[in-house]
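Chemist: Need coordinates for the below:
(chains A and B)
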Amino acid sequence: MITITNIIKSYNGNTVVNVPQLEVATGEIVGLVGNNGAGKTTLVRLILDLIRADKGEALSKEKNVATSEDWKNYTAAYLDEGFLINYLTPEEYFYFVGKLHKLSRVDVDEFLQRFEAFFDGSILNSGKYIRDLSKGNQFKVGIAACLLQKPELLILDEPFANLDPSSQMRLIRMLKELPAQSRMTVFISSHDLNHVTDVCHRILLMEKGRIIKDIDTTADTLQELEMYFEV
Amino acid sequence: MILTLLSHQWKSFWRGRNAARSLVTQIFMGLVIAYLLASMLFLGLATGHILQKIFPGQDTVRIFCGLVLYYFFIDIILRFAMQELPVLTIVPYLGQNIRRRQMVGFLNIRSLFHFLNLMPLLFFVPFACTDMVEHSGKLAAAAFITALIFIILFNNFLILYIKRRTLINAWWLVGFAVAVIGFILLDFFHIISLRSWSSNLFMAILAKPILVIIPVVLGLAAWFNNYKFLLTNLYLDEGAQSEKEKSSRDYSWLQQLGLTGELIALEIKLMLRNKRPKYLLRFSLLFMFYGFIFYNKKYLSDPSMYLVFFFPALFLTGIFIINYGQFLFAWHSSYFDGLMASNVSIPAFIRSKFMLYNAISTTIFIITSFYGLITWKILIIQTAGFLYNIGINSVISIYLATYSYKAIDLTRNATFNYQGIGTVQWVYALVILIIPYAIYFPLAKFVSPWAACAAISGLGLISLLMQSYWVEVLTREFRKRKYLMLAGFREK
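Modeler: Residues are numbered from 1 along each chain as shown, chains lettered A, B, ... in the order given. Model prediction:
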């Protein structure tokens, strides 16, 4: 699904991402962990063609993301509030995103019914613009809008950080079930080692822009990671 | 207490993010403001001589008095567009031990610190102190100045009151617009004469200074009215904004256009739901009346004026492209990451911008065609301006927008907000107005204005027909600078 070769990105002489080789197969759920400044978000942005690599390239389905726009058809991402159009109501935003993927209003409404519990009654018909929602609720809107696109590749940055405990559980369940049904590839970056080892098949540990560990998740992975982050 | 609150305001002004932005911009703004004030003062000092030159042998004081109410009428319109309600400033104080009456008093005094309150004094007082003293004596001049001050207060508090009302009930806005337009039309077609009202009123005050009681009472009444309204609605105008149910809206007529329609609908919501673009929109609408300054009978019969008329025509029909276009992509800065990662291809995005320009400029063109009622010649010049705007200026605007990397906060106030302004914006204004004029002027001067109009229209039309080619070119340009825009917009 994703191939990264020799990608380097630096700002003012500091290398923030330096990944010689990375392969993510279709259907894999990959977790990206690392302390602040390890280069997680930058790597994700490189995959989404939101920053230009100094060297190397990121391929999605064998096509360079910087030259072809095909990846936009099957990729959904939510990194931060910068992905939400904040002066729309949540419904308007969902319809807009749906429209970009040729979904009718009826399709969108039908899809959103499944999110009733996740939304907890505070998002749909709330009479608010997205900018007036709480941070957690904005996040829920972003995640739902991603899943609405039925993506083949889903990219989330820190999805657990702003959610309340029940919503975290629900999200974990969704992330476990959905790829199994549709062979969705998922790329998650997170600080929450518990959740990330719970959900992901494979963990990439980043430090100073490099991927220093690439582990297939087993029962011991959590411990291994905790050892690494121990201060 | 009020003094403490005012000192907080002073700090917030200097410590605000906008103020700290860059020293160069601050110095530049300072110079602009100083220039404006100085030219007002200079104009005020020179009024006597100017009036004598234009109307030799006539009573300059009488003519001067005729102008005053005109000024204050325009002042009302300007205030409506520019004056902000100092509301948010009191939120942190609501929970403190401060009496409501003090808070309202503070709000009222705070509203007086506005350059629109200073301008008329600079402009009118020098004349009052010189010519008027000579003409009718010191007491009369003092009465005149007192009258001025209270009319300023009247305008200030009247507009604040109306604006607060419009927040709660939009019909006030309609009523205000109808009243203003009605007034302009009545005066334009000489059904009423603001001028004779003005000169009668102020000449009467000069003759009997005691009559100054009229504006004094009006000013105090406006203040009192605003005071009472605020006292009972101190929370309400804050609440009216945030508690109102926001409803979803879809523009079904745009849906037929598919993706492009969807993007235009998004753009319309952007304009209607955010402070800064909304202000620009209101300003653009206001500028449609700009034509009345140029298109009047006296000028229209003067053939040499046709060299100049192209300017208002270009400006009127291109007002949207000029104003909105300078931040074409920057308007989306808060979610540009999301937009670029979403399933919107760049050519489709650019195409939607062209459609937006075409649609809105056409609407403005149709509305401003009412100037054609004055004479059909205006219609021809405006058609040329319109075609040039949607044909060529649209392309230039989108091209230059790809060089604008500064983020814009949509929710911030707009008056004197220089956030997002860079070199590109200055270049933009020049290129968009000067190039067409450079084509028009020599042709109009040495051949004929109609030949110039034909040439301008032709150029516009050809470029308009090439729009799909321009989309390709602009997509390439956009791609080149996409990452710069993304990086710039991420920096808040």
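Chemist: What separation do you get for the nearest residue to A:Ala53 once chain neighbours are set aside and A:Leu156?
Modeler: Spatial nearest neighbour of A:Ala53, excluding adjacent residues (Cβ to Cβ, 6 or more residues apart in numbering or on different chains): A:Ile7 at 5.0 Å. All C-beta atoms are positioned from the backbone trio N, CA, C, and that covers glycine. Per Cβ to Cβ, to the nearest Å, A:Ile7 is found 20 Å from A:Leu156.
Chemist: and what of A:Ile2?
Modeler: Taken as Cβ to Cβ, the span from A:Ile2 to A:Leu156 is 15 Å.
Chemist: Kindly report the same for B:Ile98.
Modeler: From B:Ile98 to A:Leu156 the distance is 46 Å (Cβ to Cβ).
Chemist: So which of these two has more stuff around it?
Modeler: Between B:Ile98 and A:Leu156, counting by other Cβ atoms under 10 Å in any protein chain shown, A:Leu156 is the more crowded of the two (22 against 16).
Chemist: can I assume the more buried one sits in a helix?
Modeler: No - applying DSSP: H, G, I helix; E, B strand; the rest coil, one finds A:Leu156 to be strand, outside a helix.
Chemist: For it, give me the pLDDT.
Modeler: Note on A:Leu156: pLDDT of 92.
Chemist: Quick check, it in contact with A:Met184.
Modeler: No - assessed by Cβ atoms under 8 Å, A:Leu156 is found out of contact with A:Met184, at 11.8 Å.
Chemist: List the residues that contact B:Ala455.
Modeler: B:439-440, B:443 (Cβ atoms under 8 Å, 6 or more residues apart in numbering or on different chains).
Chemist: Now rank those by neighbours and give me the top one.
Modeler: For the contacts of B:Ala455, the largest number of neighbours (other Cβ under 10 Å) sits with B:Tyr440, at 27 neighbours.
Chemist: now B:Leu69: how far from B:Ile380?
Modeler: B:Leu69 is 35 Å from B:Ile380, by Cβ to Cβ.
Chemist: shaky segments in chain B?
Modeler: B:12-26, B:86-92, B:94-95, B:234-245, B:412-426, B:492 (pLDDT under 70).
Chemist: Show me the domain layout of chain A.
Modeler: Here the domain assignment for chain A is A:1-74+A:152-231, A:81-150, based on automatic domain parsing.
Chemist: a markdown table please, covering those domains and showing distance to B:Asn155.
Modeler: A markdown table is the format used below for the domains of chain A (distance: least, Cβ to Cβ, whole Å):
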| stretch | distance to B:Asn155 |
| --- | --- |
| domain A:1-74+A:152-231 | 48 |
| domain A:81-150 | 32 |
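Chemist: Run a quick neighbour tally on the residue of chain A found nearest chain B.
Modeler: Nearest to chain B, among the residues of chain A, is A:Phe83, at 3.2 Å (Cβ to the nearest Cβ). Using other Cβ under 10 Å, A:Phe83 has 24 other residues around it.
Chemist: Find the nearest non-adjacent residue to B:Leu67, please.
Modeler: Distances taken as Cβ to Cβ, 6+ apart place B:Ser198 nearest to B:Leu67, at 6.9 Å, with adjacent residues excluded.
Chemist: Surely B:Phe315 touches B:Ile321?
Modeler: No - applying Cβ under 8 Å as the test, B:Phe315 and B:Ile321 come out as separate, 10.4 Å apart.
Chemist: Dihedrals phi and psi, the residue nearest to A:Thr15 when sequence neighbours are not counted?
Modeler: Spatial nearest neighbour of A:Thr15, excluding adjacent residues (Cβ to Cβ, 6+ apart): A:Gly209 at 5.1 Å. Main-chain torsions, A:Gly209, degrees, to the nearest 10: phi 90, psi -10.
Chemist: so how far does stretch B:105-121 reach from one end to the other?
Modeler: Between the start and the finish of stretch B:105-121 there is a gap of 23 Å, counting by Cα to Cα, to the nearest Å.
Chemist: chain center to it, what's the gap?
Modeler: The gap between where stretch B:105-121 is centred and where its chain is centred comes out at 19 Å by Cα atoms, centre = their mean, to the nearest Å.
Chemist: Report the buried residues of stretch A:19-37.
Modeler: Buried positions in stretch A:19-37, judged by neighbour count with 16 or more other Cβ atoms under 10 Å in any protein chain shown: A:19, A:22, A:24, A:28-34.
Chemist: Quick check: the gap between B:Leu474 and B:Phe349.
Modeler: Relative to B:Phe349, and taking Cβ to Cβ, B:Leu474 is found at 10 Å.
Chemist: So these two - more neighbours on which side?
Modeler: Applying other Cβ under 10 Å to B:Leu474 and B:Phe349 shows that B:Leu474 carries more neighbours, namely 23 against 20.
Chemist: a strand runs through that one, doesn't it?
Modeler: No - B:Leu474 is assigned helix when assessed by three-state DSSP, not a strand.
Chemist: contacting residues around it?
Modeler: B:Leu474 touches B:350, B:395, B:398-399, B:402, counting by Cβ under 8 Å, 6+ apart.
Chemist: now, which of those residues sits nearest chain A?
Modeler: Closest to chain A, out of all of those and judged by Cβ to the nearest Cβ, is B:Ile350, at 12.9 Å.
Chemist: Who are the contact partners of the closest one?
Modeler: Residues near B:Ile350 by Cβ under 8 Å, 6+ apart: B:398, B:471, B:474-475, B:478.
Chemist: In ChimeraX, select just the buried ones from the residues you listed.
Modeler: Burial among the contacts of B:Ile350 is assessed by 16+ other Cβ under 10 Å; the matching ChimeraX selection reads:
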select /B:398,471,474,475,478
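Chemist: returning to what we had before: ok, whatever helix or strand the residue nearest to A:Ala53 lives in: who's next to it in the sheet?
Modeler: Assigned by DSSP states H and E, A:Ile7 belongs to strand A:2-11. Strands adjacent to strand A:2-11 in the sheet, as given by DSSP bridges, are strand A:14-24 (antiparallel), strand A:55-60 (antiparallel).
Chemist: Tabulate these (JSON lines), appending mean pLDDT.
Modeler: Output for these, formatted as JSON lines (pLDDT from 0 to 100):
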{"stretch": "strand A:14-24", "mean pLDDT": "91"}
{"stretch": "strand A:55-60", "mean pLDDT": "91"}
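Chemist: in the stretch 351-492 of chain B, which spans are helices?
Modeler: B:376-388, B:394-401, B:423-446, B:449-465, B:467-490 (DSSP state H, counting those that start in this stretch).
Chemist: relative to helix B:467-490, how tilted is the fourth one?
Modeler: Relative orientation of helix B:449-465 with respect to helix B:467-490: 80 degrees, computed using axes from the mean of the first three to the mean of the last three Cα atoms, to 10 degrees.
Chemist: Likewise for the third one?
Modeler: In this structure, helix B:423-446 runs at an angle of 150 degrees to helix B:467-490, with the same axes, to 10 degrees as the basis.
Chemist: Can you point out the buried residues in helix B:423-446?
Modeler: Result for helix B:423-446 [16+ other Cβ under 10 Å]: buried residues B:424-425, B:428, B:432-433, B:436, B:439-440, B:443-444.
Chemist: ok, now which ones touch the spatially most central residue of chain A?
Modeler: When chain A is reduced to its mean C-alpha position, the closest residue under Cα atoms, centre = their mean turns out to be A:Leu156, at 1.4 Å. Contacts of A:Leu156 were listed using Cβ under 8 Å, 6+ apart, and they are A:77-79, A:143, A:146, A:186-189.
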